[in-house]
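>>> fold the following, please.
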Amino acid sequence: MNSYPARFWHRNPDGRIQCDLCPRECKLKEGQRGLCFVRQHVCDQLILTTYNRSSGFCIDPVEKKPLNHFLPGTPILSFGTAGCNLTCKFCQNWDISRSKEFERLTEKASPRKIAAAASLHQCDSVALTYNEPVIFLEYGKDVADACHELGLQVVAVTNGYIHKKAREAFFSFLDAANVDLKAFTESFYKTLTGGDLKTVLDTLSYIRKKTDIWLEITTLVIPGENDSDKEIEQMVNWILNELGPETPLHFSAFHPDYKMTEKQTTSLSSLIRVRDIAREKGMYHVYTGNVAYTPGDTTFCHNCNKPLIERKWYEISKYQLTESGCCKYCGTPLAGRFGRKAGDWGATRKPIRL
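Numbers count the residues shown, from 1 in each chain. Model (predicted):
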């Protein structure tokens, strides 16, 4: 077992250890694991059982996270562990997120080894992804520290379901985050994810108002569950008021998986509909994912509406930004983190061994 002392817990009067990392506040007897499966009560302390272990490593385009306004076109080294603190019935990575770590963790990798591999393969950043990075906070922080020493950026793809006690610690070592806003009703979160909406909204507000992290949001559009005009309008109104119109919003297509195999795949017309709603309400940058739709891949200037970063899937065909990240046509700054020029990694997916 690759155990490591965990943070954010306390001992209750009845002898059980309470994990304070996420709102579940799992109360564990000796030997018990939390719902995430990777945090365990051992010898009167809480440990992380997946430190230095991964379910695999892959170099992706950063747009696949998805992050369209963070170092566009550049390669990012992606890795995850196992487990999750939500129980989404529609999980698209359920074989990793719902697995026991001994079933999936085939790769051994220290934080320094991960950072060195990313540098060797000329990646600009490293992503904590595939499963929920909140639950391996200690490992993620050490990876981030090693990456920052080499000048690499660190990204998290997260569900945002984290206890307020741990929020500052988790987001302190990140440069960018894509947060899943899975729906905009408490009933959806309770029934289909086992979590709650308020916690995620609090996390999003915290990132925007208390950190310098670059933030993008993804919603997996599930037919008949979270795709009504009314719900999309309510979600967009909240984002506009709390986070600002420049926050990139990604609507991704659902495909039947895990415990929701009876559902239809999200149609392109449905994604275009919700994208149009968000744009008409005032969002500047709204994207479509998991479908072939060039307008939904392209970044437009919100002032003159000219295409600034044209993409087909993850391939950049046009890049009309100045070195300072402004529109070449009208000079309006584009919100995001940009290099002096676009990367040319393209759509390549490259699994690697460390």
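>>> switch to C-alpha atoms for all contacts and neighbour counts from now on
Will do.
>>> which element, helix or strand, includes the residue nearest the centre of the chain?
The structure's the chain has its C-alpha centroid closest to Val157; by CA atoms, centre = their mean the separation is 1.7 Å. Using DSSP states H and E, Val157 maps to strand 153-158.
>>> what comes up buried for the helix or strand just after that strand?
Counting by DSSP H and E, the next helix or strand C-terminal to strand 153-158 is helix 164-171. Buried residues in helix 164-171, counted by 16 or more other CA atoms under 10 Å: Lys164, Ala166, Arg167, Glu168, Phe170, Phe171.
>>> the fifth one contacts Leu137, doesn't it?
In other words, Phe170. Yes: the pair Phe170 / Leu137 is scored as a contact, 6.3 Å apart, by CA atoms under 8 Å.
>>> on contacts alone, who are the packing partners of the strand holding Val157?
strand 125-128, helix 137-149, strand 176-180 (3 or more CA pairs under 8 Å, 6 or more residues apart in numbering; DSSP states H and E).
>>> CA-only coordinates of that strand in CSV, if you can.
What follows is strand 153-158, C-alpha atoms only, in CSV (Å, rounded to 0.1, in the frame of the first residue of the first chain):
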residue,chain,number,x,y,z
GLN,A,153,1.7,25.1,-15.0
VAL,A,154,-0.7,22.9,-13.1
VAL,A,155,-4.4,22.3,-14.0
ALA,A,156,-7.2,20.5,-12.2
VAL,A,157,-10.3,19.1,-13.8
THR,A,158,-12.6,18.9,-10.8
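>>> quick one: strands adjacent to it?
In the sheet, strand 153-158 lines up against strand 125-128 (parallel), strand 176-180 (parallel) (DSSP bridges).
>>> nearest to Tyr293, out of the ones you listed?
strand 176-180 (20.9 Å; CA to CA).
>>> tell me how far the very next helix or strand once past the closest one is from the chain's mean position?
Sequence-wise, the next helix or strand downstream of strand 176-180 (DSSP H and E) is helix 186-188. Centre-to-centre, helix 186-188 and its host chain are 20 Å apart (CA atoms, centre = their mean, to the nearest Å).
>>> what residues sit buried inside helix 186-188?
Here helix 186-188 shows Phe188 as buried, counting by 16+ other CA under 10 Å.
>>> after that helix, which helix or strand is next?
Once the chain leaves helix 186-188, the next helix or strand it forms, by DSSP H and E, is helix 197-210.
>>> okay, the angle between that next one and helix 164-171?
Here helix 197-210 points in a direction 50 degrees away from that of helix 164-171 (axes from the mean of the first three to the mean of the last three CA atoms, to 10 degrees).
>>> what mean pLDDT does helix 197-210 have?
Averaging pLDDT along helix 197-210 yields 98.
>>> before we move on, what about stretch 129-137?
pLDDT averaged over stretch 129-137 gives 96.
>>> can you list contacts of it?
Here stretch 129-137 makes contact (CA atoms under 8 Å, 6 or more residues apart in numbering) with 21, 36, 38-39, 48, 50-51, 78-85, 93, 96-97, 140, 156-159, 161-162, 170.
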